[in-house]
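> Have a look at this prediction, sequence included:
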Amino acid sequence: MTTTAPVTAARPAAPGAARANRTARRRRTLLHWAFVAPAVVYMAAFFGYPLVRNVLMSFQHYTPSTFFTGKAPFNGLDNWRTVLHDQLFGDALWHTLVFTAGSLLGQFTIGLALAVFFSRRFPLSGVVRSLLLLPWLIPMVVAGTVWRRLLDQDTGVLNRFLDALGVTSGHTPWLNSPSMALLSVILVNIWIGIPFNMVILYGGLQEIPRDVQEAASIDGASAWRTFRSVTLPMLRPVITVVLVLGFMSTVKILDLILALTDGGPADATQTLGTQTYQLSFVRLDFGAGAVVGNILILVSAVFAVLYLRANRTDFGTEGK
Amino acid sequence: MSTTTPPRARRRGIGSAVVAVAVLAVMLFPLYWMLNTALQPGTGLASLDPFPVHPGFGNFSRALSSQGGNLLTSLGIALGAVAICLVLAAPAAYGLAQLRIRGARSIVFGTLITQMVPGIVVANALYNAYVDLHLVNSYLGLMLADASLGVPFSIVLLRAFMVSIPGEVVEAAMVDGAGRFRAFVRIVLPMSRNALITAGLFTFLFAWSDFMFALTLNTTDDVRPVTLGIYQYLGAHVGDWGAVMAVAVLSSIPAAALLLLAQKYVAAGVTGGSIK
């Protein structure tokens, strides 16, 4: 996906190169490194170190007193055993997968439909497109808070609206019933994700030369046919980017769920992200939290690799 | 002045515009309702008017008195995070784009991979390190952590731009006697102004929106950004939705301001981030 400038190998030194020349070159290499080193050190500290430390922590016994005594003895596979035998872990894993699949499906389909719609040129198109970004730009906790109000069972505006229309009688318990809460959380996340999908896919559609699509329609292909056999295949690389980025940001969700349901009711909306948070920061069992965190990374990595591999063939033909 | 658009196409264009505005209305309704609730203080929730016919600012003054300080905290931390992020990302992006550095490819790849590391995993380990370093409950600690939300994004975005700066421009300045670093500051940074603004604005938004680091790296009320404030306020004052919505409105201001005032940078940031 990236077009990295090819790294030029250092030129082989001429056999009799003067020593001064070599020192000068070494100094220059050092200077060049000085540009990159701070950021590399920073990323090692804030991304690399946590990855390694989490693996270690998952084999350590943390208790609330750890932070006074500084003692977290190694306890082998105890944390892993406890977490994997916990019914809640299985539930959280399942919720995470359902939440991610449901969110991506909704965000992507609606985002794509809107992207196609907006590629027809019409007045106000640009203004409307940029205003649509607002749900995606506001803090997720704020979005969650607002929706918690809208979805309130008794006084929320959604239920009042639906009741007035006569669609539902009584009060739909959007966030209060264990059987509905996950669905509601997914719906809110779709709302948040539509703008991002739309903007990226819209950008991708603009890259497709118009005459290709026109040629297809002149050849007698219907609009739907042109879209399916010309536009979609050409959009494929952008689709891959959107789905992979969407997957990685959705699978680790935490803010939104805490603001909407706090993982409840009856743990119906616990995901791997919220479970990690609760094990570590509410129960102060950082060892168990690290186990769930590691599994979360694993899920994320496995899916990303699988998806990229499934799409590699497309990139191959594209390079021709 | 003369429109050559045939009337049928124009009618269709107007039809599309109407549909687009309808879509916008549905999508932004929740935010409208947030504003509407905030503007009607003292109204029972069930008797809220669909429009704020008699707007009042009681909710906002209550929100400001309880969350005003937290808003300032958010502002300070977000600005600090932007500063840290750009100081780290701009030279790195230049180095990766223009200087021949062995391993540059792996560094770029590593930068992209960081997107896959869930924030809660970072927080899990970071909290423990912060305890040892006495960075828990500190402004600096939260700024450093929040900068991590923008550093990879900024490196990718700035590098993509700096690749297109012709190397000769910098070389010419260096012939004149400026060092590599001076040339970077005097030539490359001004040329990258727009990309820097985009990176800075997005890092600001990321840090402003951060909830997870604020929640996990603070155990007292010493450092409390508004995202954490609204979450705790919600827990404590469930009945006072008017004030909660007023806080929500206030914390949405940066995003809204950005959309209205810096649209071109927003567009560049959203698509630039996806080149990843």
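Sure thing, it's come through. Residues are numbered from 1 along each chain as shown, chains lettered A, B, ... in the order given.
> Could you point out the helix or strand that follows the helix or strand that contains B:Thr73?
Here B:Thr73 sits within helix B:58-98, counting by DSSP states H and E. Using DSSP H and E, the helix or strand that follows helix B:58-98 towards the C-terminus is helix B:104-113.
> Buried residues of stretch B:104-111, list them for me.
Under the neighbour-count criterion of 16 or more other C-beta atoms under 10 Å in any protein chain shown, stretch B:104-111 has B:Ala104, B:Ile107, B:Val108, B:Gly110, B:Thr111 buried. Every residue, glycine included, has its C-beta placed from N, CA and C.
> can it be found next to chain A?
Yes: Stretch B:104-111 is in contact with chain A by C-beta under 8 Å from any C-beta of the partner chain, via B:Ala104, B:Arg105, B:Ile107, B:Val108, B:Phe109, B:Gly110, B:Thr111.
> got a pLDDT number for the most centrally placed residue in chain B?
Nearest residue to the geometric centre of chain B (C-alpha atoms, centre = their mean): B:Leu205, 1.3 Å. pLDDT for B:Leu205: 94.
> for B:Gly13, same thing?
84.
> Which helix or which strand is home to it?
helix B:7-38.
> and what of A:Gln206?
A:Gln206 belongs to helix A:181-207, assigned by DSSP H and E.
> cool, B:Lys264 as well?
Going by DSSP H and E, B:Lys264 is in helix B:263-274.
> Could you do B:Ile253 as well?
helix B:241-261.
> Next, the angle helix B:7-38 makes with that helix.
140 degrees (axes from the mean of the first three to the mean of the last three C-alpha atoms, to 10 degrees).
> Can you give me the buried ones in the helix holding B:Gly13?
Those would be B:13, B:16-17, B:20, B:23-24, B:27-31, B:33-38, for helix B:7-38 by 16+ other C-beta under 10 Å.
> How about stretch A:294-308?
Buried residues in stretch A:294-308 (16+ other C-beta under 10 Å): A:Asn294, A:Ile295, A:Leu296, A:Ile297, A:Val299, A:Ser300, A:Phe303, A:Ala304.
> who touches the first one in this structure?
Contacts for A:Asn294 were tallied using C-beta atoms under 8 Å, 6 or more residues apart in numbering or on different chains; they are A:Asn54, A:Val55, A:Ser58, B:Val121.
> Of those residues, just the buried ones, ChimeraX syntax please.
With 16+ other C-beta under 10 Å as the burial test, the buried ones among those are selected in ChimeraX as follows:
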select /A:54,58 /B:121
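> From the contacts of A:Asn294, pick the one nearest B:Val151.
B:Val121 (16.6 Å; C-beta to C-beta).
> For that closest one, give me its contacts.
Taking C-beta under 8 Å, 6+ apart, one finds A:Pro50, A:Leu51, A:Asn54, A:Thr276, A:Gly293, A:Asn294, A:Leu296, A:Ile297 in contact with B:Val121.
> B:Val19 too?
A:Phe117.
> and what of B:Ala256?
A:Leu134, A:Ile138.
> Just the local confidence number for it, please.
91.
> Quick one: neighbours of A:Ile253, just the number.
Close neighbours of A:Ile253, defined as other C-beta atoms under 10 Å in any protein chain shown, add up to 24.
> before we move on, what about B:Ser192?
There are 22 residues near B:Ser192, going by other C-beta under 10 Å.
> Hmm, it is touching B:Val163, no?
No: applying C-beta atoms under 8 Å, one finds B:Ser192 not in contact with B:Val163, separated by 11.0 Å.
> about what we covered before: quick one, the helix holding B:Ile253 and helix B:58-98 angle?
Using the same axes, to 10 degrees: helix B:241-261 against helix B:58-98 is 40 degrees.
> Okay, buried residues for helix B:241-261 please.
Buried, per 16+ other C-beta under 10 Å, within helix B:241-261: B:241-252, B:254-255, B:258-259.
> what's the spacing between B:Val23 and B:Asp146?
33 Å (C-beta to C-beta, to the nearest Å).
> right, I mislabeled it, should have said B:Thr37
For B:Thr37 relative to B:Asp146 (C-beta to C-beta), the value is 29 Å.
> Equivalent analysis for A:Asp267, please.
Applying C-beta to C-beta, the value for A:Asp267 to B:Asp146 is 30 Å.
> next one: A:Leu84
For A:Leu84 relative to B:Asp146 (C-beta to C-beta), the value is 33 Å.
> What degree of burial does the closest residue to A:Gly111 other than its chain neighbours show, as a neighbour count?
For A:Gly111, ignoring the flanking residues on the chain, the nearest one in space by C-beta to C-beta, 6 or more residues apart in numbering or on different chains is A:Asn197 at 2.6 Å. Using other C-beta under 10 Å, A:Asn197 has 27 other residues around it.
> before we move on, the earlier item: in the helix holding A:Gln206, what counts as buried?
Buried residues in helix A:181-207 (16+ other C-beta under 10 Å): A:181-186, A:188-205.
> Tell me which residue in the stretch 151-300 of chain A sits closest to chain B.
A:Lys252 (3.5 Å; C-beta to the nearest C-beta).
> How about the contacts made by that residue?
A:Leu272, A:Gly273, A:Leu296, A:Ser300, B:Pro118, B:Gly119, B:Ile120.
> and the last one, what is it in contact with?
By that I understand B:Ile120. With C-beta under 8 Å, 6+ apart, B:Ile120 has these contacts: A:Lys252, A:Leu254, A:Gly273, A:Thr276, A:Tyr277, A:Gly293, A:Leu296, B:Met212, B:Thr216.
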